[in-house]
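In: Requesting a structural model of the entry that follows:
(chains A, B, C and D)
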Number of protein chains: 2
Amino acid sequence: MLKKNVNINDLATRLGLSKGSVSRILNDPQAPFAPETRRRVMALAAELEYRPNAIARALATGQTGSVAFWIRDLAVAYNAHVAQAFETQIEAAGYHLFIRLYGGGEGKPFPQMTPENADGIVTHGAPPHGWTAMAQSDSRRVPLVLTGAILDPEALDWVGVDFYGVSRTAVEHLLASGRRRVALLTPSHQCDDRRLAYLEVMAEADLAPEVIETDGESRSDVRRSLAEYIAAHGHPEAMFCHNDDAAIAASRVLRDLGLRIPDDVALIGCDGIEDIEYLTTPLSTIVLPIDEMCALAWRYLKRRMQEPDAPPQRITLQPTLALRASSGVS
Amino acid sequence: MLKKNVNINDLATRLGLSKGSVSRILNDPQAPFAPETRRRVMALAAELEYRPNAIARALATGQTGSVAFWIRDLAVAYNAHVAQAFETQIEAAGYHLFIRLYGGGEGKPFPQMTPENADGIVTHGAPPHGWTAMAQSDSRRVPLVLTGAILDPEALDWVGVDFYGVSRTAVEHLLASGRRRVALLTPSHQCDDRRLAYLEVMAEADLAPEVIETDGESRSDVRRSLAEYIAAHGHPEAMFCHNDDAAIAASRVLRDLGLRIPDDVALIGCDGIEDIEYLTTPLSTIVLPIDEMCALAWRYLKRRMQEPDAPPQRITLQPTLALRASSGVS
DNA sequence: CGGTGTTATAAAACCGGTTTCATACGTTTG
DNA sequence: CAAACGTATGAAACCGGTTTTATAACACCG
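Out: Coordinates of the predicted model:
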């Protein structure tokens, strides 16, 4: 940057004032300064298009006026919607929102995904291993609220979602139609309450669990993994899908194979994203309370920013099961 | 924050060193220090979990190590995909990505959407009015690359997309089937090359243009606006849709009305998002070169960060028209 | 007319780092 | 043995703001 930005010292020099005075005039309408001086300062600031260096200000005040929202992957429609919903909260409150992605951070050194630079953090979905520990290390504590699946229920604030209960209901619903080969479609390594609930219900019903693991989370990943699985093992009679994107991908695979939904294979997704309204066969799903979750997360975060040592705030929200044609409900 | 973060002064004091020395030892492996001293510093830093204050470092070095990506609305699937694609570029380069949303910023004071706090900025889609001017004001210049539709072709870097040419082709394609009532489905106030091309082609064909304006960009907005329009004016024979989300919403409205695609109404979307592969009737669309666009944007931005005064870099990418069943191609 | 307030501004400390320059000491070297 | 050099570190300036404290000038008051 060859041309240097105009800073507060430039203003002060040009005006023959001290930079402290300029700062106070610019920021504090109550400060006792001569009206004429005030006018001169404002005029020059406007003329030079002076804007204070946000970094320097943040250093001086200890506040950035921004909140970071960490999420895994925007290609999953649900995630994008959550981010958008959270932005709505934040914007109304006059803060800036930075959306950040964990990315491939799993193996990378921490600096790659360091949670700095915000007055507060909200995460959605499970952060990479060790992330929260780092974010909450004694050496640099930032107000933090976890949302979505909670894997790490230490002394932190979180807005959880009861995947366990609703997942049980979903799987039981699939079993109720008399189907025996009820599979779980989920990314490998994803060991959350959805998987847990599925395994438990299957065990209780004395059925062999059938976990179809996908190599990635994108729809094309899911399609590929599922197609391979069916080629090798035949198709299950029902599938509980880790999220709606997976269910949508699955419905496409089934259609391509000439299988009917729900006659040949029943399907239940998870997330309740808008997209599923556009499928040929309406998709049963678990609808998550996105707006409520975001509103609560922001409320918790504000509290934590004001009172760093307040007792932990936690709540578990109940998703609702929306049964439609894809699971045999007419 | 009652418990203060441990900072470099704490380290220096505890070690009996000056903070300058500590800084150099921590950052510069080449610096000439006694191995024993080095070991002590590293050990204490690890023990106290010292992590340098990113803000202070940014102030001192003039670099944040991060790039901001500005976009309008993540609820539009295409936008979310672009953001994700750009993250891939940035992450590979070792930078942090901050995704930021213009939000309702149109009417708000600038500080709400000030483009500070990054070493560089990439925008996608048309920024709010006055945004680029502010970002590029002489007083605080930040490397900036515009992508997507370019409304503001001043002396800036941009990676454009030739919406005009491909939109002409799309509309002409719709006309070629003999349909006369060919409408444009677009958000109100969106006056870009898609609209321009549509209006021109219609004028050249001596047909009355029929612009169906939606009140918002979300699928539900589009559905409502379109349903009202059709109720009032009957349905057009073909629609060129501003983006795929709109086309998906439209296909749903048409289906609900018992209209067949493409027999009753032909449809062409725009963006080429994955979702359209999951529709009953495969959707014709304009496929945008997302990855190429992101890669170029990052290349341009790197260049601009290194050479602030390099000549402007610009390119216009060609999207491709993907014709499928929804526009009558079998 | 000296003490007491106000008012308008300057000066300096601070935020937490980085970076440049100076210095003290020990070791070669001429 | 003094000059020159290398090594290990301290000291201070700087980044660009904010905030607290000091000071100068002036008006008011008894």
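
In: Hmm, A:Arg252 and A:Arg223 touching each other?
Out: Yes. Checked against CB atoms under 8 Å, the pair A:Arg223 and A:Arg252 is within contact range at 6.3 Å. Any C-beta I mention is one placed from the backbone N, CA and C, and that applies to glycine too.

In: Where does whatever residue of the stretch 1-150 of chain A ends up closest to DNA strand C fall, secondary structure wise?
Out: Going by CB to the nearest atom of the strand, DNA strand C is nearest to A:Gly20 of the stretch 1-150 of chain A, at 2.8 Å. Here A:Gly20 sits within helix A:19-27, counting by DSSP states H and E.

In: how far is that helix from where the chain is centred?
Out: Remark: helix A:19-27 is offset 39 Å from the chain centroid, using CA atoms, centre = their mean, to the nearest Å.

In: now swap in stretch A:311-327 and tell me
Out: Its chain's C-alpha centre and that of stretch A:311-327 lie 16 Å apart, by CA atoms, centre = their mean.

In: ok, and does it reach over to chain B?
Out: No. Stretch A:311-327 stays clear of chain B (CB under 8 Å from any CB of the partner chain), getting no nearer than 13.2 Å.

In: Extract the C-alpha trace of that stretch and format it as CSV.
Out: In CSV, the C-alpha atoms belonging to stretch A:311-327 read as follows (Å, rounded to 0.1, in the frame of the first residue of the first chain):
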residue,chain,number,x,y,z
PRO,A,311,-23.0,-19.6,35.5
PRO,A,312,-23.2,-21.7,32.4
GLN,A,313,-26.4,-21.3,30.3
ARG,A,314,-27.8,-24.4,28.6
ILE,A,315,-30.9,-25.5,26.9
THR,A,316,-31.9,-28.4,24.8
LEU,A,317,-34.4,-27.7,22.1
GLN,A,318,-36.8,-30.2,20.8
PRO,A,319,-36.9,-30.8,17.0
THR,A,320,-40.1,-32.0,15.5
LEU,A,321,-40.7,-35.0,13.3
ALA,A,322,-42.5,-34.1,10.1
LEU,A,323,-43.9,-37.2,8.6
ARG,A,324,-44.7,-37.1,4.9
ALA,A,325,-45.0,-39.4,2.0
SER,A,326,-41.4,-40.6,1.9
SER,A,327,-41.9,-42.6,5.0
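
In: In contact with A:Glu172, which residues are there?
Out: Shown in contact with A:Glu172 (CB atoms under 8 Å, 6 or more residues apart in numbering or on different chains): A:Val201.

In: try the one 5 residues further on
Out: Shown here is A:Ser177, whose contacts under the criterion CB under 8 Å, 6+ apart are A:Ala238, A:Ala266, A:Ser327, A:Gly328.

In: which residues touch the helix or strand just after the helix holding A:Gly20?
Out: Downstream of helix A:19-27, the next assigned helix or strand under DSSP H and E is helix A:35-47. Helix A:35-47 has contacts (CB under 8 Å, 6+ apart) with A:Leu11, A:Arg14, A:Leu15, A:Leu17, A:Ser21, A:Val22, A:Ile25, A:Leu26, A:Tyr50.

In: what about helix A:35-47, near DNA strand C?
Out: Yes. Residues of helix A:35-47 are located near DNA strand C by CB under 7 Å from any atom of the strand, namely A:Thr37.

In: then that helix to CSV, C-alphas only?
Out: Output in CSV follows, covering the C-alpha atoms of helix A:35-47 (Å, rounded to 0.1, in the frame of the first residue of the first chain):
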residue,chain,number,x,y,z
PRO,A,35,-18.0,24.7,18.6
GLU,A,36,-15.7,26.2,16.1
THR,A,37,-13.0,23.6,16.8
ARG,A,38,-15.5,20.9,16.5
ARG,A,39,-16.6,22.2,13.2
ARG,A,40,-13.1,22.3,11.8
VAL,A,41,-12.4,18.8,12.9
MET,A,42,-15.6,17.4,11.4
ALA,A,43,-15.0,19.2,8.2
LEU,A,44,-11.4,18.0,7.7
ALA,A,45,-12.4,14.5,8.6
ALA,A,46,-15.1,14.5,6.0
GLU,A,47,-12.9,16.1,3.4
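
In: buried ones in the following helix or strand past that helix?
Out: Per DSSP H and E, the first helix or strand lying C-terminal to helix A:35-47 is helix A:54-61. In terms of neighbour count (16 or more other CB atoms under 10 Å in any protein chain shown), helix A:54-61 has its buried residues at A:Ala54, A:Ile55, A:Arg57, A:Ala58, A:Leu59.

In: which residue sits closest to the closest residue to chain B within the stretch 201-330 of chain A, ignoring its sequence neighbours?
Out: Minimum separation of the stretch 201-330 of chain A from chain B (CB to the nearest CB) falls at A:Thr280, amounting to 4.7 Å. In this structure, A:Thr280 finds its nearest non-sequential neighbour in B:Thr280, 4.7 Å apart by CB to CB, 6 or more residues apart in numbering or on different chains.
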